[in-house]
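*Asks:* Make a model of this:
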Amino acid sequence: MLDVLIVGAGPVGLHLGALLLQQGLTVRILEQRTEAGTHSRAIGIHPPGLAALADAGIAAALIREGVHITVGVARSAGSEVTGLRFEGIGGGYPFILALPQARTEALLAARVAELDPGAVLRGLSVTALHDDGAQVTLRASADAGDGLSGTGPDHASGRHAETFTARLVVGADGARSAVRRELGIATRGRNYPDTYLMGDFPDTGSDGATAVLYLETGGIVESFPLPGVMRRWVVHTEQLLGGASAADLAGLIMERTGTSVPAEGNTMLSAFGVRTRLATHMVQGRAALIGDAAHEISPIGGQGMNLGWLDAAALAPIITSALRGEPTGLRLGAFAQSRMAAASRASAQAWLNMALGRPAPASFLDRRHQLVRAVFAQQWSRDVVARRFSMQ
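*Replies:* Okay, the predicted model is just below:
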């Protein structure tokens, strides 16, 4: 029997796996995808998230490869509204690190493989979960052609099945969590009207490692540096532009900011809407949920992945203590309460970020910019906002 079975080999599941393997526990991480992701997706690693990743032994590699964002600037109609600096605001990492999620996952996967080469099992989809109070039994199906040695055929689906038993199970399998589904844990939340189009392009500008927010009448445009002289662009759109091209996004960027980006150099393009979903509870019997499985929030602000890492960092020592026979009931309750409170705060911050980025008349923006300049005239107020944006 395994000590811990983790479902989901994304950045959150891999992080938890590394933390537990470092404690000498037997761990398997099940992943539905047969191959690791290659898209950039989430890119922002905030200081608390980086500190959590340091506990897994990969912070140094991340810091070497990522872009250190120490300055953020807000612009509107060609003029600077205000700026933030992340240097000198406390903590051991005075910057926000920008690195494509695929690379972060690769470094985490390498760390897990270093600790246990057989820890990650790919091509497995959870079909059933049973917690009998003493152990958890999980059944997962795999395509017959995946080369996995199933314990028996799943005649209903024509697939082969694997059965696993573990003392504890953790669902780190994203917003559409199969573990949450099998546990019957409900969620609450809402869909937002905001939609966005984002893409990565070669960086031909002069902003260097500065993050730029363009607060324009047609809606916000966000611009963040990436390794390899690339830049992430995110544009608020009137509706979901699922069929948009890189040229369409480049046109929107030019229209609102006057910045030309080379559409032919685009390496990632995605249109997305926004919703918030919070699980009614994170712990049930011998199972727990972390990351998007427990709390899906808006990606605007880049907090979701970091929240998951902080979940893992908080849960790992509790799991270790529990498996060593130490009482953990009160600690589990405090864990769930504190992490859901953190998710609620992050969700509120994301809502504010979205509200500030919605289309607005020029007259309204001018008045708001005057207020922002007045508030940000004091260094302490700039530091407070910088801490909020960097999750400190």
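*Asks:* what about Gly325, neighbour count?
*Replies:* 7 (other Cβ atoms under 10 Å). The C-beta positions use only the backbone N, C-alpha and C, and glycine is treated the same way.
*Asks:* for the one 10 residues further on, same thing?
*Replies:* Phe335 sits with 20 neighbouring residues when counted by other Cβ under 10 Å.
*Asks:* Could you confirm it falls within a helix?
*Replies:* Yes - when DSSP: H, G, I helix; E, B strand; the rest coil is applied, Phe335 is found to be in a helix.
*Asks:* what's the spacing between it and Arg180?
*Replies:* Applying Cβ to Cβ, to the nearest Å, the value for Phe335 to Arg180 is 17 Å.
*Asks:* same question, His281
*Replies:* 10 Å.
*Asks:* Those two: who's more crowded?
*Replies:* Between His281 and Arg180, counted using other Cβ under 10 Å, the more crowded position is Arg180 (26 against 14).
*Asks:* Just the element for the more buried one, please.
*Replies:* Following DSSP states H and E, one finds Arg180 within helix 178-183.
*Asks:* Could you list the buried residues of that helix?
*Replies:* Ala178, Val179, Arg180, Glu182, Leu183 (16 or more other Cβ atoms under 10 Å).
*Asks:* Would you quantify the distance from the first one to Ser125?
*Replies:* The spacing between Ala178 and Ser125, counted by Cβ to Cβ, is 7 Å.
*Asks:* same deal with the second one?
*Replies:* From Val179 over to Ser125 the distance is 12 Å, taken as Cβ to Cβ.
*Asks:* next one: the fourth one
*Replies:* Glu182 sits at a distance of 11 Å from Ser125 (criterion: Cβ to Cβ).
*Asks:* would you list every one of the helices in this protein?
*Replies:* Remark: helices assigned in the chain by DSSP state H are 11-21, 47-54, 59-65, 101-115, 178-183, 246-257, 304-323, 329-356, 362-375, 379-389.
*Asks:* just these: most buried one?
*Replies:* Most buried of the helices of the chain, by mean neighbour count (mean count of other Cβ atoms under 10 Å): helix 11-21, with a mean of 29.
*Asks:* pLDDT value on Pro151, please?
*Replies:* For residue 151 the amino acid is Thr, not Pro. pLDDT, Thr151: 45.
*Asks:* swap in Val221?
*Replies:* 98.
*Asks:* cool, and the one 4 residues further on?
*Replies:* Predicted confidence (pLDDT) at Pro225: the value is 97.
*Asks:* Repeat that for the one 3 residues further on.
*Replies:* Reported pLDDT at Gly228 in the predicted model: 96.
*Asks:* Next, count neighbours for it.
*Replies:* Neighbours of Gly228 (other Cβ under 10 Å): 13.
*Asks:* Then Gly243?
*Replies:* Neighbour count for Gly243, taken as other Cβ under 10 Å: 7.
*Asks:* Can you give me every residue that contacts the residue nearest in space to the middle of the chain?
*Replies:* Taking Cα atoms, centre = their mean, the centroid of the chain lies closest to Met305, which sits 2.0 Å from it. Each residue near Met305 by Cβ atoms under 8 Å, 6 or more residues apart in numbering is listed here: Pro11, Val12, Ala42, Gly44, Ile45, Gly49, Gln101, Gly291.
*Asks:* how near is the residue lying closest to the last one once chain neighbours are set aside to Arg139?
*Replies:* In space, and not counting its chain neighbours, Gly291 is closest to Gly308: 3.1 Å by Cβ to Cβ, 6 or more residues apart in numbering. Spatial separation of Gly308 from Arg139 under the definition Cβ to Cβ is 25 Å.
*Asks:* Kindly report the same for Ile29.
*Replies:* 16 Å.
*Asks:* One more: Gly357?
*Replies:* If you go by Cβ to Cβ, the gap between Gly357 and Arg139 works out to 44 Å.
*Asks:* Those two - which one has more neighbours?
*Replies:* More neighbours surround Gly357 than the other of Gly357 and Arg139, with 22 against 19 (other Cβ under 10 Å).
*Asks:* I'd say the more buried one and Tyr214 touch.
*Replies:* No - judged on Cβ atoms under 8 Å, Gly357 makes no contact with Tyr214 at a distance of 9.5 Å.
*Asks:* what's the overlap in contacts for these two?
*Replies:* Shared contacts of Gly357 and Tyr214, counting by Cβ under 8 Å, 6+ apart, come down to Ile220, Glu222.
*Asks:* ok so, going back, which of the buried residues of helix 178-183 sit farthest apart?
*Replies:* With Cβ to Cβ as the measure, no two of the buried residues of helix 178-183 lie farther apart than Ala178 and Leu183, at 9.6 Å.
*Asks:* Quick check: neighbours shared by those two?
*Replies:* Gly171.
*Asks:* the bottom helix or strand of the chain by mean pLDDT?
*Replies:* For the chain, using mean pLDDT, DSSP states H and E, the weakest element among its helices and strands is strand 152-154, scoring a mean of 47.
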